[in-house]
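**Q** sequence and predicted structure, then a few things I'm wondering about:
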Amino acid sequence: MKIMRIFAVVLAALMLASCASGPKIQYGDATSVETTTLGFGSTDLQSIAAKLVDDLVTFPPIVQMTSSRRPVVFVDKIKNKTTEHIDTESITDTIQTKLLQSGKFRFVDMTAVRAVQEQMKFQMDSGMVDPSKAAAFGKQTGAEFMLYGNMSSIVKRNSGAQDVYYKFTLKLVNLESGIMEWAGEKEIRKTGEKSFMSL
Amino acid sequence: MGWSSFIVRGILVSVLFALLQGCATSSLFTAYPTQATAFKKIISTNQTDAGIATTLAKLDEEREGADAMLYMMERGRITQLSSRFDESKSDFEFVISSFDEQDLASTIELSKAAAQGSSLLVNDNAIPYKGAGYERIFTHHHQAFNYLGEGDLEGASVEFRRVALEQRVLLEKHEKEVANAFEKAEEENIDLNALTPAFSGLDPVVGRVKSSFQNAYTFYASAAFWESVGELNSALVDYKKALEINSGSQLLKQDIARVTYKLGGQPSNTDFNQANDNQGVVVVFFEDGFVPAKSEIKIPLPTFDGGLISLAFPYYDIQHWPVSQHLRASDEDFNDLGWTETVVDVGALAVKSLKEQVPALMVRQVLRGYAKYELQKQAESHGGWAGQLIATAYNIISESADRRSWLTLPQTGQVMRFNLNEGERVVTFSTPLAHTNVSLDVQAKRTIFVRIVNANNSLITQVYEL
C-alpha cells in the first residue's frame, strides 16, 4: 500500500503544480525605490531626471542667461544604445516637465507641430473660421537651443552575479552657433546576486 | 470478490485514464515531437487563417504550464512567419523574461526541487523546460526581426546588442556547467565512462560546430544590420566573429574587406562586393527545413543485485539526418545572382547541446532507474493486484526520454548578398523543389533584407526594408 500512496502523492503534486492563488493589488508611493529586477526602472528614470535638471539650472552661464529671459528649447530624441528596450521619450518628457516648471525655459513640442499645422490649415482654408480671428501662419517662435543625448549600458554577468552600468548623457546646443552650451551626465550602477535558497 | 470492489476498481482505472487524457498536451505523457508536428504543419504558405488561429489558441493554453517557455518559442516563430510581429513580440518577450529570471534564480529553489523530486519518480519531462543556449540566441534573433518587421530600427538594434551580450555570457559560463555535472556524478558514485560511449555515434554531427550556441547566422544578421545603419565598427566585429566560426567562407571575407575599405583601411582582399552609387543592397536570409527532433534510445544498466534495468535517453537519429538544400537567386533575365551559403547548422547545434547535457542527464537517469527498480520490486511483493496494475501502468508512462526542444527552428541558416540597380525588380528564388518570385523596390544606397523560409517545400517570403 505504501506504493499506492507514493504514486498518489506524485500524481497529486503534478496536478496541483498548475494551481496558484489570486493576485494581491495595492497602491504604492510613486517615488519609492524600486528593485524588482535589474532592468531599467522608475527609480533610475527619476534619479536621471533629477540630477540632470539640477545640473542644468545651476550651471553658472545658464543661470546668467536665464535670469532675464526664458530661452526656447527643442528636445530631440535620446538615442537608446543599451541592451534593453527603454522608452527614452519618457525620460526626456520628465526632464522637459521639470525644466518647464523651473520657470527658466520654454519648449516647442515637435510632436504637436503636425497637429497644429493641420488646425491652422483648417482655420485658413476651410472658410468656416472668421479670417480676422484665425491664427496666422509665420508667427510661431523658433527654438534657440536643442537638447539631445544618448544612453548606453555595460552589462556583466556570471553564474553568481549580475552588474549593470548605465550612462545617460544630455547636451544643450545653440542651434544658431552650433556651440555646445552645456553637457551633463548621470551614471547608475546596479548589481544583483543570486540567493542560495528561495521558494 | 464482490461486485462493489469490481466497481471500485473500474472507477480507479478510468480515473487514471482520465487523468492521463487531461494531460495530453503536456509532454509528460505525449512525446513532444508528436505534439510539434502540428506546429510545423502550420508553417506553410497555404494555411488558412482559421487553421493558424486554432493552433495558436492551443499554444496559448500552455502559457500557464511548466513548459510555457518552449510553447512560446514555437508560437513566436509561427506568428512571426505569418507576419504578426506584434503578437510574436509578446511571445518572445515571455521567453526572454523566463531566461532572465533563470539568470538570477537562486541556487536551490524549493518549488523546482519538488519538480526534480517528482522527475525522479516519473521522467525528465516533469522538470520545467529551461531552454538551451542556442535557443536563447535564436529567441533574440527572432525578436530583432520582429522589430525590423515593425520598422523599429532602434528596437532591432537593442536586440542585436543583446544577442551579442548573450553569446558572450554563454561562452563564459557554459564550461562551468559541464564540469558541475561531472562533479555530481562523482558524488553519487556513478561511472559515466560506462555509459557515455553510447553517445559517441553523435560525434560526426557534433564535429560540424565549434560550440553549442555560437551562431554565425545571428552574427551575420546583426553585422548586415549594423552595416546598413552605418555603424561600421560594430558590423566589422560581427562579420569577423561569423568568420571565426566559418573560416572558409568567401562571402564573409568579401564582407570584411568591404567594411574595412569603407572604414578607410586597406583590405587584403580586392573583391568586396561593393554596390555602385545607383544600386541598392539585398541581403538574403534563407532558413531551410526544420531542425530534427530528438528520438529515444534504451541503454541497459545492471543493478546492484544482478538485475537489469533499461533506461530511456534522448538521442538524435543521425542515420536519417536530412540534407539541407541551397537557394538560388536570379533576376528577370534569368541571370544568376548567386547561391546561399550555409553559416549555421542548427541541427548540429542541437546535437552538440544534447551531448553536453549527457553527463547531467545520466546522473538523473541512473538515480531514477534505481528508484523505479526498488518501487517495482516492492509493488510485486506487497501490492498484490492493485500494486501490480499501478506499477505496470506507471512504468509505461514513466519510461520515456525527455525529447523536448524548439522544433519549428530551421535545420540550417544560409545567407547571400547581392546588389541590384534601383527601381522595381523581380527576383526569382528557387530550391530544387520550389520557387517563388519576390518584387523588390530597390533604392540606391539602401538595404533590403529578404527572408525566405523553406517549410514543407513551400517558400515563405518576408521583405524588410531598412
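**A** Good, I have the coordinates. Numbers count the residues shown, from 1 in each chain, chains lettered A, B, ... in the order given.

**Q** backbone dihedrals for residue B:189, both of them.
**A** Backbone torsions for residue B:189, taken as degrees, to the nearest 10, come to phi 60, psi 40.

**Q** no wait, residue B:296
**A** Dihedral angles (degrees, to the nearest 10) for residue B:296: phi -130, psi 140.

**Q** can you name the residues bridging to it?
**A** residue B:314 (DSSP bridges).

**Q** for it, which residues are in contact?
**A** Neighbouring residues of residue B:296 by C-beta atoms under 8 Å, 6 or more residues apart in numbering or on different chains: B:31, B:312, B:313, B:314, B:315, B:400, B:401, B:403. Every C-beta, even on glycine, is put in place using the N, C-alpha and C of the backbone.

**Q** how about the strands in chain A?
**A** A:72-81, A:106-108, A:145-157, A:161-174, A:180-193, A:197-198 (DSSP state E).

**Q** so for residue B:224, which of those strands sits nearest?
**A** With C-beta to C-beta, the closest approach to residue B:224 among those belongs to strand A:72-81: 19.0 Å.

**Q** isn't residue A:143 right up against residue A:105?
**A** No - counting by C-beta atoms under 8 Å, residue A:143 does not reach residue A:105; the two are 10.4 Å apart.

**Q** comparing these two, which residue is more hemmed in?
**A** Taking other C-beta atoms under 10 Å in any protein chain shown, residue A:143 and residue A:105 do not tie; residue A:105 has more neighbours (22 against 17).

**Q** dihedrals phi and psi, the more buried one?
**A** Torsion angles, degrees, to the nearest 10, at residue A:105: phi -130, psi 160.

**Q** and residue B:209, by the same measure?
**A** With angles defined as degrees, to the nearest 10, residue B:209 sits at phi -120, psi 150.

**Q** remind me which residues of chain B are low pLDDT?
**A** B:1-29, B:106-122, B:178, B:304, B:306-307, B:383, B:385, B:388-389, B:391-398 (pLDDT under 70).

**Q** find the centremost residue of it, please.
**A** residue B:406 (3.9 Å; C-alpha atoms, centre = their mean).

**Q** same check, this time on chain A
**A** Mean-position check on chain A, C-alpha atoms, centre = their mean. Result residue A:91 at 1.9 Å.

**Q** once you drop chain neighbours, what's closest to that residue?
**A** Distance criterion C-beta to C-beta, 6 or more residues apart in numbering or on different chains; nearest residue to residue A:91, sequence neighbours excluded, is residue A:45 at 5.6 Å.

**Q** I figured residue B:373 was touching residue B:303, is that so?
**A** Yes - taking C-beta under 8 Å as the definition, residue B:373 is a contact partner of residue B:303 at 5.6 Å.

**Q** neighbour-wise, which of those two wins?
**A** residue B:373 (17 against 13).

**Q** what distance do you get for that one to residue B:366?
**A** 11 Å (C-beta to C-beta, to the nearest Å).

**Q** anything in contact with each of the two?
**A** By C-beta under 8 Å, 6+ apart, no residue touches both residue B:373 and residue B:366.

**Q** follow-up on the earlier one: now do the same for the residue nearest to the centre of chain A: its pLDDT.
**A** At residue A:91, the predicted lDDT confidence score is 90.

**Q** what's the answer for residue A:126, then?
**A** 81.

**Q** kindly report the same for the one 10 residues further on.
**A** Residue A:136 carries a pLDDT value of 75.

**Q** just the one 5 residues further on next, same as before
**A** Among the per-residue scores, residue A:141 holds a pLDDT of 77.

**Q** name the nearest residue to it, sequence neighbours excluded.
**A** residue A:72 (5.4 Å).

**Q** quickly list what the one you found is bridged to.
**A** The partner residues for residue A:72, given DSSP bridges, come to residue A:106.

**Q** cool, residue B:454 as well?
**A** Per DSSP bridges, the residues bridged to residue B:454 are residue B:288, residue B:459.

**Q** my read is that it contacts residue B:290, right?
**A** No - between residue B:454 and residue B:290 there is no contact under C-beta under 8 Å: 9.5 Å.

**Q** no more questions from me, cheers.
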